[in-house]
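Enquirer: quick one, structure for this:
(2 chains)
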Amino acid sequence: EDQVTQSPEALRLQEGESSSLNCSYTVSGLRGLFWYRQDPGKGPEFLFTLYSAGEEKEKERLKATLTKKESFLHITAPKPEDSATYLCAVQAGGNNDMRFGAGTRLTVKP
Amino acid sequence: GAVVSQHPSWVICKSGTSVKIECRSLDFQATTMFWYRQFPKQSLMLMATSNEGSKATYEQGVEKDKFLINHASLTLSTLTVTSAHPEDSSFYICSASPNNYGYTFGSGTRLTVV
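Expert: Numbering: from 1, shown residues only, chains lettered A, B, ... in the order given. A predicted model of the protein is given here:
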C-alpha cells in the first residue's frame, strides 16, 4: 500500500532561520510527487511537482528535491508569511488520484 | 490557468437535511474530479473519484448512499451529503486537473451540522 510520511509534524522557526521539511514515500511506480501549501480554512495551493530522482525545483525561498525514497522542501531565510501547513502528495501506478501525507505545520516568528 | 471553483465556501445545516456542494473547472474540462475530506489539523483523505458520465468510485469506508456524487458534465461535479449528522461536519475539498498531473484544488467548503 502506498504510504506518505511527513516530518516533522510541526516546526517553529525564527524569521531568517533556514530549515527543511521531509516527505518519505513508499509507492509502486511513482508518477509524481507534489508539494502544496495550505493556509487555514483554504484549499491547498500548488507549489511543485517532481517526477524523477535528482530533480530539483525552486520558487522564491522554497526549493524541492527528490530522491528514490524521499523529498525535501528547503526553506531559505523564511518570513512570517511562509507560515502555513505544507503538504506532500504522491501519484503512483495507474492511479490518477493523489495520496497525501499528514503535513508539516510551519510557524515562522518575526 | 487550471482554476477550480467550489461553492459554497461554508454552510450550516440542521441534522437530517441534505447539503449540496459544487465543484467547477472554470477553464478546462475535467473527466475526473476528486473529493477529499479534512478534519481539523489532519491531512486530506480521499473520499471518492468522480467520473464524468459514469458512477463515482468510493474509497473504502465511505458510504456511497450518504455522500452522493454526480458528475453530469465535463466542468461540474457535485457532492451531496444526505441526512447530515454532526459527525459529518468537516472541510470538504475537490480537485481536478486538465492532464491528470498537477492537480488544482477548490477553496473548500466548511460544513457544520447542528
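
Enquirer: which phi and psi does the residue in chain A positioned nearest to chain B have?
Expert: Nearest to chain B, among the residues of chain A, is A:Gly43, at 3.8 Å (C-beta to the nearest C-beta). Quick note: C-beta positions are derived from backbone N, CA and C, even for glycine. For A:Gly43, the backbone dihedrals (degrees, to the nearest 10) come out as phi -80, psi 160.

Enquirer: do I have it right that it meets B:Gly106?
Expert: Yes - because the distance of 5.3 Å satisfies C-beta atoms under 8 Å, A:Gly43 is recorded as touching B:Gly106.

Enquirer: joint contacts of the two?
Expert: Common contact partners of A:Gly43 and B:Gly106 (C-beta atoms under 8 Å, 6 or more residues apart in numbering or on different chains): B:Val4, B:Gln6, B:Ile93, B:Ser95.

Enquirer: got the residues you listed as CSV, with neighbour count and secondary structure columns?
Expert: Conversion of these to CSV gives the following (neighbours: other C-beta atoms under 10 Å in any protein chain shown; DSSP: H, G, I helix; E, B strand; the rest coil):
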residue, neighbour count, secondary structure
B:Val4, 25, strand
B:Gln6, 21, strand
B:Ile93, 25, strand
B:Ser95, 27, strand
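
Enquirer: separation between the residue nearest to B:Pro40 when sequence neighbours are not counted and A:Lys57?
Expert: Excluding the flanking residues, the one nearest B:Pro40 by C-beta to C-beta, 6 or more residues apart in numbering or on different chains is B:Phe91, at 8.0 Å. From B:Phe91 over to A:Lys57 the distance is 28 Å, taken as C-beta to C-beta, to the nearest Å.

Enquirer: settle it for me: which of these two has more neighbours?
Expert: Taking B:Phe91 and A:Lys57 together and counting by other C-beta atoms under 10 Å in any protein chain shown, B:Phe91 has the greater number of neighbours (20 against 14).

Enquirer: could you export the host helix or strand of that one as CSV, CA atoms only?
Expert: When elements are defined using DSSP states H and E, B:Phe91 is found to belong to strand B:90-96. C-alpha atoms of strand B:90-96 as CSV (Å, rounded to 0.1, in the frame of the first residue of the first chain):
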residue,chain,number,x,y,z
SER,B,90,-15.8,18.7,8.2
PHE,B,91,-13.9,20.6,5.5
TYR,B,92,-14.7,19.2,2.0
ILE,B,93,-12.4,19.9,-0.9
CYS,B,94,-12.5,19.0,-4.5
SER,B,95,-9.7,18.8,-7.1
ALA,B,96,-9.2,18.4,-10.8
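
Enquirer: next helix or strand past it?
Expert: That would be, after strand B:90-96 and using DSSP H and E, strand B:104-105.

Enquirer: now the angle from the following helix or strand past that following strand to strand B:90-96?
Expert: Going down the chain from strand B:104-105, the next helix or strand is strand B:109-113, by DSSP H and E. Relative orientation of strand B:109-113 with respect to strand B:90-96: 150 degrees, computed using axes from the mean of the first three to the mean of the last three C-alpha atoms, to 10 degrees.
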